[in-house]
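Q: 3D, please:
(2 chains)
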2 protein chains.
Amino acid sequence: MPVTVVGSIAFDSVKTPFGERTRMLGGAAVHFALAASFFDDVRVVGPVGDDFGAAELAVLSARGIDVSDIEYVPGGETFFWAGEYGWDLASRETLETRLGVFADFDPKLSAAARDSDVLFLANIQPDLQRAVRAQCDGARFAALDSMNLWIEVARDSLVEAIATVDCLVLNDAELRELTGRPGLLAAAREVLAWGPPGPRTIIAKQGEYGAAMITESSYFSLPAFPLERVVDPTGAGDTFAGGFVGYIAAAGAESIDEELLRRAMAYGTALASFNVEEFGTERVARLSGQEIAARVSELERVTHFSDAPIEMRG
Amino acid sequence: MPVTVVGSIAFDSVKTPFGERTRMLGGAAVHFALAASFFDDVRVVGPVGDDFGAAELAVLSARGIDVSDIEYVPGGETFFWAGEYGWDLASRETLETRLGVFADFDPKLSAAARDSDVLFLANIQPDLQRAVRAQCDGARFAALDSMNLWIEVARDSLVEAIATVDCLVLNDAELRELTGRPGLLAAAREVLAWGPPGPRTIIAKQGEYGAAMITESSYFSLPAFPLERVVDPTGAGDTFAGGFVGYIAAAGAESIDEELLRRAMAYGTALASFNVEEFGTERVARLSGQEIAARVSELERVTHFSDAPIEMRG
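A: As a prediction, the model looks like this:
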């Protein structure tokens, strides 16, 4: 089922202990779309400026992504982010953010985008997420990501936006901040109660530790794929979401059950592991389905154990 | 096979967002021993002062732990630690540490302790760990824990101590600090090369995220058990180690293989999950083997997924 993603298309300048890149293609919608494109048709909605050229577009088109909903703003500048990571990549500092064309973004979805069966609202201002969700109200599976900024400056709107989707994808620290609950299970349960319809699935992204999924009746935890070397974590969460949502779209939203969601997380996790091995979109842009499948199989092996009950004392 | 643990026996004063306790029984050797006692015979070696009384001893004896190697130092004060945890329990501040009888601790193992087949060197000064290991050089499985302090003030001795054991159990951040390598795999691989004999198994404790195990030829990751409520994380790592090492001891050191080690991690994880649900030793002291087994089974369920390959694009 076709997937539409609405979110940032950006230029990123990133410095990590392993090197730096200036003005490389990035943005949540871009990372998401590249990952989801391994599974189904993907359409990107978002604004760009005059500085967004054929080379950037080609990265998306080469993966078969529909770019006809990308909005060119004459005289505008594409969203720009610059950041630097600490020695173990666990912390990062934003050096500069220029909203550019995003400051006045008023999403108008094409008929094709409105008809998408699967919708991903990447991290943008929650009023915009709600406006998009209203235009695309027929989607059979909608998911949403956000960030601490919106929790702090637009919490009410974010809570309303979350109540309109099937699945919330959020960093675990942000889930705690959003709910004021320090425990992951309690925080997730609170969000699950924000209906109806409200989300039925909460994905807590845990960075290098992986991700957890909480529904009303289940819990699942999956570690990150073990890597020899991480070069640039930028976009890992969006790449994970792209693999996760893309897999669900390909399987068909009518067949969503716990086992499918768990497998979708494994595909998202595999995709994210490739993303962080090189800067920006470099690695995912030349990735193959076989490579993804191999890492999903390996994930199964590195997480598997089987109990063999022994006699205990007491 | 009998297990000997050498380490701190302590009084802890702990404040968390859920309450506080003053001078409760604690210490690495105590938490380890209580957990390991569900699997095999356990002997505790460590010093206490005049303030250590019958009530504290009874908590250990009630679990069948051999306390005859606990050394009473006349006129001495038992090791004391006071700390306070932040709102999400992820960070903690040490308010006070009084070494007391630990300042002059010179471990002299009894013949029975020296004959133990399994040895755990809990977090103490690495010179002492080496001295104990030398006295107990016939142990067929020895593991060691440490902390950032010793990495910073006694790194050379710690590296030598690590080279004498089969298994290193360390917080993941400390493993990075110890090796200067930001990547977990690379850090573990470096320690694996500190032989011969050197450790063959590295356990990286990851707090609320669980733990990972790295050997020369394998990787395994296990999340923490999902809890409704965490009250006091103190001793979680030592309780994990007690369950892990205790399970290995009960299974017999001659049969250690990857599957056994993975199961041992699951038992350690289950034990640790009970430990943090109440203050100090309160929960583990009244725990049953059935409760432990139930959580190991649940861990199997919350970590399991099975791949169902789909056609990918590209």
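Q: could you pull out the strands in the stretch 51-200 of chain A for me?
A: For the stretch 51-200 of chain A, applying DSSP state E, counting those that start in this stretch gives strands covering A:70-72, A:79-85, A:92-98, A:118-121, A:141-145, A:167-171.
Q: got the end-to-end distance for stretch A:128-147?
A: Stretch A:128-147 has an end-to-end distance of 14 Å (criterion: CA to CA, to the nearest Å).
Q: report the buried residues of it.
A: For stretch A:128-147, burial by neighbour count (16 or more other CB atoms under 10 Å in any protein chain shown) applies to A:128-133, A:135-136, A:139-147. Just so you know, the C-beta spots here come from the backbone N, C-alpha and C atoms, and that holds for glycine as well.
Q: ok so, going back, adding distance to residue B:100, write the strands of the stretch 51-200 of chain A out as TSV.
A: Putting the strands of the stretch 51-200 of chain A into TSV (distance: least, CB to CB, whole Å) gives the following:
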stretch	distance to residue B:100
strand A:70-72	68
strand A:79-85	43
strand A:92-98	42
strand A:118-121	58
strand A:141-145	51
strand A:167-171	42
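Q: out of those, which comes closest to chain B?
A: Closest approach to chain B among the strands of the stretch 51-200 of chain A is made by strand A:79-85 (10.0 Å; CB to the nearest CB).
Q: helices or strands up against the closest one?
A: Applying 3 or more CB pairs under 8 Å, 6 or more residues apart in numbering or on different chains; DSSP states H and E, we find strand A:79-85 packed against strand A:10-16, strand A:92-98.
Q: then that strand to PDB, C-alphas only?
A: Written as PDB, here are the backbone C-alpha positions of strand A:79-85 (Å, rounded to 0.1, in the frame of the first residue of the first chain):
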ATOM      1  CA  PHE A  79      15.800  23.700   5.900                       C
ATOM      2  CA  PHE A  80      19.400  23.600   7.300                       C
ATOM      3  CA  TRP A  81      20.800  21.900  10.400                       C
ATOM      4  CA  ALA A  82      24.300  21.800  11.700                       C
ATOM      5  CA  GLY A  83      25.400  19.700  14.600                       C
ATOM      6  CA  GLU A  84      28.300  18.000  16.300                       C
ATOM      7  CA  TYR A  85      28.500  14.700  18.100                       C
END
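Q: next, count neighbours for residue A:74.
A: Residue A:74: 7 surrounding residues under other CB atoms under 10 Å in any protein chain shown.
Q: now swap in the one 5 residues further on and tell me
A: The number of residues packed around residue A:79, counting by other CB under 10 Å, is 28.
Q: the residue nearest to it when sequence neighbours are not counted: how many residues sit nearby?
A: Residue nearest to residue A:79 in three dimensions, not counting chain neighbours: residue A:10, with 4.2 Å by CB to CB, 6 or more residues apart in numbering or on different chains. Close neighbours of residue A:10, defined as other CB under 10 Å, add up to 29.
Q: touching, residue A:10 and residue A:82? I think so.
A: No. With contact defined as CB atoms under 8 Å, residue A:10 and residue A:82 do not form a contacting pair (10.4 Å).
Q: show the pLDDT at the closest residue to residue A:158 other than its chain neighbours.
A: Nearest residue to residue A:158 in three dimensions, chain neighbours excluded: residue A:126, at 4.1 Å (CB to CB, 6+ apart). In this model, residue A:126 is scored at 98, pLDDT.
Q: and the gap between residue A:131 and residue A:143?
A: 17 Å (CB to CB, to the nearest Å).
Q: hmm, I typed the wrong one, I wanted residue A:180.
A: As judged by CB to CB, residue A:180 and residue A:143 stand 23 Å apart.
Q: next: residue A:25.
A: For residue A:25 relative to residue A:143 (CB to CB), the value is 23 Å.
Q: for residue A:211, same thing?
A: Relative to residue A:143, residue A:211 is positioned 13 Å away (CB to CB).
Q: and if you look at residue A:36?
A: In terms of CB to CB, residue A:36 sits 11 Å off from residue A:143.
Q: also residue A:262?
A: Distance of residue A:262 to residue A:143, given as CB to CB: 16 Å.
Q: what is the burial count for residue A:148?
A: Neighbours of residue A:148 under the rule other CB under 10 Å: 13.
Q: excluding residues flanking it in the chain, which one is nearest residue A:69?
A: The nearest residue in space to residue A:69 (CB to CB, 6+ apart) is residue A:45, at 4.4 Å.
Q: what residues does the stretch 51-200 of chain A put near chain B?
A: Residues of the stretch 51-200 of chain A lying close to chain B (CB under 8 Å from any CB of the partner chain) are A:63-64, A:87-89, A:176, A:182-186.
Q: can you say which of the residues you listed are buried?
A: Of these, these count as buried by 16+ other CB under 10 Å: A:63, A:88-89, A:176, A:182-185.
Q: can you list those residues in JSON lines and add distance to residue A:157 and pLDDT?
A: Shown next, in JSON lines, are those (distance: CB to CB, whole Å; pLDDT from 0 to 100):
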{"residue": "A:63", "distance to residue A:157": "32", "pLDDT": "98"}
{"residue": "A:88", "distance to residue A:157": "35", "pLDDT": "85"}
{"residue": "A:89", "distance to residue A:157": "32", "pLDDT": "90"}
{"residue": "A:176", "distance to residue A:157": "20", "pLDDT": "96"}
{"residue": "A:182", "distance to residue A:157": "24", "pLDDT": "92"}
{"residue": "A:183", "distance to residue A:157": "25", "pLDDT": "94"}
{"residue": "A:184", "distance to residue A:157": "24", "pLDDT": "96"}
{"residue": "A:185", "distance to residue A:157": "26", "pLDDT": "97"}
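Q: closest one to residue B:111 out of these, please.
A: Of all those, residue B:111 sits closest to residue A:88, with 45.5 Å by CB to CB.
Q: residue B:59 versus the closest one, what's the distance?
A: Look at residue A:88 and residue B:59: by CB to CB, they are 39 Å apart.
Q: residue A:77 now?
A: Distance from residue A:77 to residue B:59, counting by CB to CB: 66 Å.
Q: dihedrals phi and psi, the nearest residue to residue A:210 once chain neighbours are set aside?
A: Ranked by CB to CB, 6+ apart and with sequence neighbours excluded, the top spatial neighbour of residue A:210 is residue A:223, at 4.0 Å. Main-chain torsions, residue A:223, degrees, to the nearest 10: phi -70, psi 160.
Q: cool, and residue A:20?
A: phi -150, psi 160.
Q: tally up the residues packed near it, please.
A: Residues near residue A:20, counting by other CB under 10 Å: 15.
Q: next one, pLDDT for the nearest residue to it once chain neighbours are set aside please.
A: Of all residues not flanking residue A:20 in the chain, residue A:14 sits nearest, at 6.4 Å (CB to CB, 6+ apart). Predicted confidence (pLDDT) at residue A:14: the value is 98.
Q: the helices in the stretch 151-300 of chain A, which residues?
A: A:155-162, A:172-179, A:184-192, A:236-251, A:258-275, A:282-285, A:289-303 (DSSP state H, counting those that start in this stretch).
Q: show me what contacts the residue nearest to residue A:297 when sequence neighbours are not counted?
A: Nearest residue to residue A:297, sequence neighbours excluded (CB to CB, 6+ apart): residue B:307, at 6.1 Å. When contacts are counted by CB atoms under 8 Å, 6 or more residues apart in numbering or on different chains, residue B:307 touches A:263, A:266, A:293, A:296-297, A:300.
Q: could you look up the SS state of residue A:308?
A: Under DSSP: H, G, I helix; E, B strand; the rest coil, residue A:308 falls in the coil class.
Q: pretty sure it sits against residue B:263.
A: Yes. Using CB under 8 Å, residue A:308 is in contact with residue B:263, at 5.9 Å.
Q: which one of the two has more residues nearby?
A: residue B:263 (22 against 11).
Q: got the contact list for that one?
A: A:305-308, B:247, B:296 are the contacts of residue B:263 under CB under 8 Å, 6+ apart.
Q: same question, residue A:67
A: Going by CB under 8 Å, 6+ apart, residue A:67 touches A:44, A:57, A:60-61.
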